[in-house]
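>>> build me a model:
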Amino acid sequence: MKRGAIYLMACAGVALALFGGASCSKAPPPPTGPEKLLVPDRGAYTGAFIDFGDTEDDVTVEGIESFEKLVGKHQAIIASSSYWGEQSFPTANLELIWRHGSLPLIFWSPWDRPYDEDQGPDKFSLSNIAAGKWDTYIDHWGDAAKEFGHPFMVSFANEMNGQWFPWSGMFYGQDKQIPNSNPPRYYGPEIFKAAYRRVVDRVRARGANNVVWVFHVMNYSLPQSMGTTYPAAMEWNKMGQYYPGSKYVDWLGMSVYGQQYLDDNWSPFEPLLDWPYTEITQIDPTKPVMLAEWGIGEFPQFGSKSGFIEEAFRIMKRYPKLKAAVFWNERWQNEPSENDDGTYQDGGYSNLRVNSSPASLAAYRNGVGDPFWLEHPLIGH
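Residues are numbered from 1 along each chain as shown. Coordinates of the predicted model:
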């Protein structure tokens, strides 16, 4: 008699004795409980933002499928935006992305129309959020998130350590130190943390435990010092100053871009990731890391985009906590710039799309084709 048959018979005998005739199941029941996004043990998720229009929320299945055909791989993560100025929840976008078999990543930006960069705080200021003036909207958003039910990532008020968004620490007291704080704490980062915590607390209070919260910084803070150490004057804007705490964050995220504009400096990929990766993992060594945004423009007069992409795919595999990378696939026209003599210079285009040149597309297809890059999110219970 085979060992398996002995087991089944013995199991049945125990069941009869203990449960009054109940029989043992040959297979465990299907898993129950809420769905949860798993962190891959091996490899990392690949994803993209796919030029979803000016407000970054015009998500279409045709656009997703076209990009996937272009790069030769299904995307584990699809990113889009949700602006507070719309006062809505992106249910349709989340459902479309989930039905496609991808995980949504939402950049949830406390920003009012017309969504112009390099402007100060508007009515959705961090101060107003922290003071509870937008609790009703946050609660409705949380209710809709719970009703959606599936896991999705949320990057709230991203790149706060930069200087271009109205939630930048620049606009909230920046380096003004809180009296008697030791170690030193600063008003700019502290108001960000207060707003972030209030948003997370209220969304969770509505039962939306399916939200995966991403603390999303710029790889290099601006303003910043030169080199790898900060003088006291720039200590306030280090990414760690903004960290709201381990209980409020599920993933650590960074934006890592090569040259985006004509007057930017060209850089290889490795220095853009290496030291910032060290800095962000020191903030909280328990969290997985993602490149919530990465990309580069096509500027052949300065450097090779295809070479940058090849390097990026090679280098990212060296960082063990890096578990996702979302490519920013967009092309936009820049505003003209004024010359010293009062004339204007054409701003040209910033083309970050993977197919900005045949060589760039070939480099991306080859890099993302590595089995290391996972094309489907891993969902557990």
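>>> okay, CA-based contacts and neighbour counts for the rest of this
Fine.
>>> tell me the helix or strand right after the longest helix seen in the chain.
Longest helix of the chain, by residue count under DSSP state H: helix 187-205. Using DSSP states H and E, the helix or strand that follows helix 187-205 towards the C-terminus is strand 211-218.
>>> what sits up against that following strand?
Contact with strand 211-218 is made by 37, 145, 151-162, 239, 243, 248-256, 292, as judged by Cα atoms under 8 Å, 6 or more residues apart in numbering.
>>> partner strands of it and their direction?
As defined by DSSP bridges, the strand partners of strand 211-218 come to strand 152-156 (parallel), strand 251-257 (parallel).
>>> mean neighbour count and distance to S81 added to the ones you listed, as JSON lines?
Shown next, in JSON lines, are those (neighbours: other Cα atoms under 10 Å; distance: least, Cα to Cα, whole Å):
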{"stretch": "strand 152-156", "mean neighbour count": "23", "distance to S81": "9"}
{"stretch": "strand 251-257", "mean neighbour count": "24", "distance to S81": "15"}
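>>> of all those strands, which one is nearest R314?
When these are compared by Cα to Cα, strand 251-257 sits nearest R314, at 15.0 Å.
>>> please work out the average pLDDT along that closest one.
Across strand 251-257, pLDDT averages out at 98.
>>> can you put the strands paired with strand 211-218 in a markdown table and add distance to P166?
A markdown table is the format used below for the strands paired with strand 211-218 (distance: least, Cα to Cα, whole Å):
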| stretch | distance to P166 |
| --- | --- |
| strand 152-156 | 13 |
| strand 251-257 | 17 |
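>>> quick one, which of those is nearest to E68?
Closest approach to E68 among the strands paired with strand 211-218 is made by strand 152-156 (20.0 Å; Cα to Cα).
>>> contacting residues for A363?
A363 is in contact with S306, G307, I309, E310, counting by Cα under 8 Å, 6+ apart.
>>> now swap in D57 and tell me
S80, S81, S82, N93.
>>> try 6 Å this time
S80, S81 (Cα atoms under 6 Å, 6 or more residues apart in numbering).
>>> and it, how far is that from F313?
Between D57 and F313 the distance is 27 Å, computed by Cα to Cα, to the nearest Å.
>>> circling back: most surrounded residue in the contacts of A363?
Highest neighbour count within these, by other Cα atoms under 10 Å: I309, with 27 neighbours.
>>> counting by contacts, list what the helix or strand where that residue lies packs against.
Using DSSP H and E, I309 sits within helix 305-316. Applying 3 or more Cα pairs under 6 Å, 6 or more residues apart in numbering; DSSP states H and E, we find helix 305-316 packed against helix 358-368.
>>> next, count neighbours for V326.
For V326, the number of neighbouring residues by other Cα under 10 Å comes to 23.
>>> please apply the same query to E56.
18.
>>> report the contact partners of it.
S80, S81.
>>> surely it is within a helix?
No - assessed with DSSP: H, G, I helix; E, B strand; the rest coil, E56 is coil; it does not lie in a helix.
>>> which single one of the contacts of A363 is nearest to G33?
I309 (40.0 Å).
>>> gap between the closest one and V71?
13 Å.
>>> and for I280?
For I280, the distance to V71 equals 30 Å [Cα to Cα].
>>> same question, S109
From S109 to V71 the distance is 29 Å (Cα to Cα).
>>> repeat that for G245.
For G245 relative to V71 (Cα to Cα), the value is 37 Å.
>>> same deal with P114?
For P114, the distance to V71 (Cα to Cα) stands at 33 Å.
>>> out of these two, which sits in the busier spot?
V71 (21 against 8).
>>> how many residues are close by the residue lying closest to the more buried one once chain neighbours are set aside?
Excluding the flanking residues, the one nearest V71 by Cα to Cα, 6 or more residues apart in numbering is R365, at 4.9 Å. Counted by other Cα under 10 Å, the residues lying close to R365 total 19.
>>> I'd say I379 and G33 touch.
No - shown here, I379 and G33 do not form a contact pair, counting by Cα atoms under 6 Å, at 11.7 Å.
>>> of the two, which one has the most company?
I379 (14 against 7).
>>> contact partners for the more buried one?
I379 is in contact with K36, L37, L38, counting by Cα under 6 Å, 6+ apart.
>>> touching, the last one and L378? I think so.
Yes - L38 is within contact range of L378, at 5.4 Å (criterion: Cα under 6 Å).
>>> who has more neighbours out of the two?
Neighbours of L38 and L378, each counted by other Cα under 10 Å, are more numerous for L378; the result is 16 against 11.
>>> show the pLDDT at M290.
With respect to pLDDT, M290 scores 98.
>>> paired strands for the helix or strand where it lies, with orientation please.
According to DSSP H and E, M290 maps onto strand 289-295. Partner strands and pairing direction for strand 289-295 (DSSP bridges) are strand 251-257 (parallel), strand 322-329 (parallel).
>>> now the angle from that strand to helix 305-316?
Counting by axes from the mean of the first three to the mean of the last three Cα atoms, to 10 degrees, strand 289-295 lies at 180 degrees to helix 305-316.
>>> where do the strands sit along the stretch 1-150 of the chain?
36-37, 44-50, 77-83, 103-109 (DSSP state E, counting those that start in this stretch).
>>> could those go into JSON lines alongside distance to Q119?
Shown next, in JSON lines, are the strands of the stretch 1-150 of the chain (distance: least, Cα to Cα, whole Å):
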{"stretch": "strand 36-37", "distance to Q119": "36"}
{"stretch": "strand 44-50", "distance to Q119": "24"}
{"stretch": "strand 77-83", "distance to Q119": "16"}
{"stretch": "strand 103-109", "distance to Q119": "14"}
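>>> ends of stretch 279-292, how far apart?
Start-to-end, stretch 279-292 (Cα to Cα) is 16 Å.
>>> need the contact partners of that stretch.
Residues outside stretch 279-292 that contact it (Cα under 6 Å, 6+ apart) are G240, W251, L252, G253, M254, S255, K321, L322, K323, A324, A325, V326.
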